[in-house]
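**Q** Quick one: sequence and predicted model below, then my questions.
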Amino acid sequence: MSANPFTRKAGADEARSPQRRDERMATPFHFEKTLRFKLDRETPGALLYREILPNGRLAQAPNAPGAVVGVLYVRKSATNGQYPDMLETHIVGTIPLSTT
């Protein structure tokens, strides 16, 4: 019985191979993004902020299309009693080249 091409994850076996892993590790990864959030509501112990998407709308769920973070909770105790209406955060991620 042959594998159904519509149910097989294309390239899944190849992606797990040691050779493919070495190729991925030889390529540096760098991610940098500035995100803006708008205060949506207060909970008893936190503030709920929603990401402002590139189209100007607010992310309605953590997995909203186009969202990087989607929803961000900030503890009230970290704000010293001042609740900003807008937040801006800068996310940076880097995976260095493998030395092995």
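**A** Alright, I've got the coordinates.
**Q** From now on I want contacts and neighbour counts done on CA atoms only, so please keep to that.
**A** OK.
**Q** Surely residue 45 and residue 79 touch.
**A** No. At 11.1 Å, residue 45 and residue 79 do not qualify as touching, with contact defined as C-alpha atoms under 8 Å.
**Q** where does residue 30 land in three-state SS?
**A** strand (DSSP: H, G, I helix; E, B strand; the rest coil).
**Q** where along the chain do the helices fall?
**A** Applying DSSP state H to the chain gives helices spanning 12-16, 18-25.
**Q** Where among these is average confidence lowest?
**A** Among the helices of the chain, helix 12-16 carries the lowest mean pLDDT, a mean of 52.
**Q** What distance do you get for residue 76 to residue 83?
**A** From residue 76 across to residue 83, the span is 8 Å (C-alpha to C-alpha, to the nearest Å).
**Q** shared neighbours of these two, anything?
**A** Residues touching both residue 76 and residue 83 (C-alpha atoms under 8 Å, 6 or more residues apart in numbering): residue 47.
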